[in-house]
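Visitor: Sequence first, predicted coordinates after that:
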Amino acid sequence: EAGVAQSPRYKIIEKRQSVAFWCNPISGHATLYWYQQILGQGPKLLIQFQNNGVVDDSQLPKDRFSAERLKGVDSTLKIQPAKLEDSAVYLCASSLDQDGSGNPTDTQYFGPGTRLTVL
Amino acid sequence: AQRVTQPEKLLSVFKGAPVELKCNYSYSGSPELFWYVQYSRQRLQLLLRHISRESIKGFTADLNKGETSFHLKKPFAQEEDSAMYYCALYTGGFKTIFGAGTRLFVKA
């Protein structure tokens, strides 16, 4: 099966500019996650979608970050305006709600990430 | 507070030596724990989850609720095990918390 796709892979912008990232999850995966991974740290959840609804966005800096998943498939994450501290790798992941036996699962499948550098 | 702690940022062992990557968690409910691995130039991927009670690539991890730990172990490390390892806690409501990670370096 095709994996989670993300684009672009790298992005360099100046502070106060805007940037958008795109994610295409594994087909059939209802749950989609955006993580921010700052150098030397583990992934931190920014926002989680269940189909096209938001499940958790408690750690999303809503004054500058926004995300949408309009048709319950692809998703975009936007930063406007960017700050220096937004430099990080942005990871998208997806998961099934349950496995083939009907058991709950949160095994997440990750994309390659987008490395953002804000100058 | 829900938290995952990986006390070692870097762990270096010789090939053939046993390896243990430590993970401690803080969670009042019934935890579900995972180990994820990221090899060089590859994406983050699941290594194993505690409810499966399986051994993957020679690695095992046992959930110790008394010590709130989920340490990852392998009796004989191989060079190809060199990677970044993340312990993760699933708290239900589809929320996963990751530790900061431990870089394992296996020396020849």
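Guide: Noted; the coordinates are in hand.
Visitor: Pick out the residue of chain A closest to chain B.
Guide: For chain A, the residue positioned closest to chain B under Cβ to the nearest Cβ is A:Gly42, at a distance of 3.6 Å. To be clear about C-beta, it is placed using only N, CA and C from the backbone, and glycine gets the same treatment.
Visitor: Could you pull out the helices in chain A for me?
Guide: Applying DSSP state H to chain A gives no helices.
Visitor: Go ahead and flag the most central residue of it.
Guide: With the centre of chain A defined as its mean C-alpha position, the nearest residue by Cα atoms, centre = their mean is A:Trp34, 2.2 Å away.
Visitor: burial measure for the closest residue to that one other than its chain neighbours, as a count.
Guide: For A:Trp34, the nearest residue in space outside its immediate sequence neighbours is A:Leu46; the separation is 4.5 Å by Cβ to Cβ, 6 or more residues apart in numbering or on different chains. Applying other Cβ atoms under 10 Å in any protein chain shown, we find 20 other residues in the vicinity of A:Leu46.
Visitor: cool, A:Ser58 as well?
Guide: Around A:Ser58 sit 10 other residues, with neighbours defined as other Cβ under 10 Å.
Visitor: Kindly report the same for A:Asp106.
Guide: A count of nearby residues for A:Asp106, using other Cβ under 10 Å, gives 21.
Visitor: related to what we said a few turns ago, give me the pLDDT for the residue of chain A closest to chain B.
Guide: The confidence metric pLDDT takes the value 92 at A:Gly42.
Visitor: I figured A:Tyr109 was touching A:Ser94, is that so?
Guide: Yes. In this structure, A:Tyr109 sits in contact with A:Ser94. The criterion is Cβ atoms under 8 Å, and the distance is 5.7 Å.
Visitor: Compare the two (neighbour count), which wins?
Guide: Under the criterion of other Cβ under 10 Å, the comparison of A:Tyr109 against A:Ser94 puts A:Ser94 first, with 24 against 20.
Visitor: residue ranges for the strands of chain B, please.
Guide: B:3-5, B:10-14, B:19-21, B:24-26, B:32-38, B:45-49, B:60-61, B:72-74, B:83-90, B:96-98, B:102-107 (DSSP state E).
Visitor: could you dump those to TSV with distance to A:Leu60 and mean neighbour count?
Guide: Converted to TSV, the strands of chain B look like this (distance: least, Cβ to Cβ, whole Å; neighbours: other Cβ atoms under 10 Å in any protein chain shown):
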stretch	distance to A:Leu60	mean neighbour count
strand B:3-5	20	16
strand B:10-14	31	13
strand B:19-21	30	19
strand B:24-26	23	17
strand B:32-38	22	22
strand B:45-49	24	18
strand B:60-61	31	21
strand B:72-74	30	20
strand B:83-90	19	22
strand B:96-98	16	21
strand B:102-107	27	17
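Visitor: Can you check which of those gets nearest to chain A?
Guide: Comparison of the strands of chain B against chain A by Cβ to the nearest Cβ identifies strand B:96-98 as nearest, at 3.6 Å.
Visitor: Off-centre distance for the closest one?
Guide: Using Cα atoms, centre = their mean, to the nearest Å, we find the averaged C-alpha position of strand B:96-98 to lie 12 Å away from the chain's own average C-alpha position.
Visitor: name the helices or strands packed onto that strand?
Guide: Using 3 or more Cβ pairs under 8 Å, 6 or more residues apart in numbering or on different chains; DSSP states H and E, the elements in contact with strand B:96-98 are strand A:44-50, strand B:3-5, strand B:83-90.
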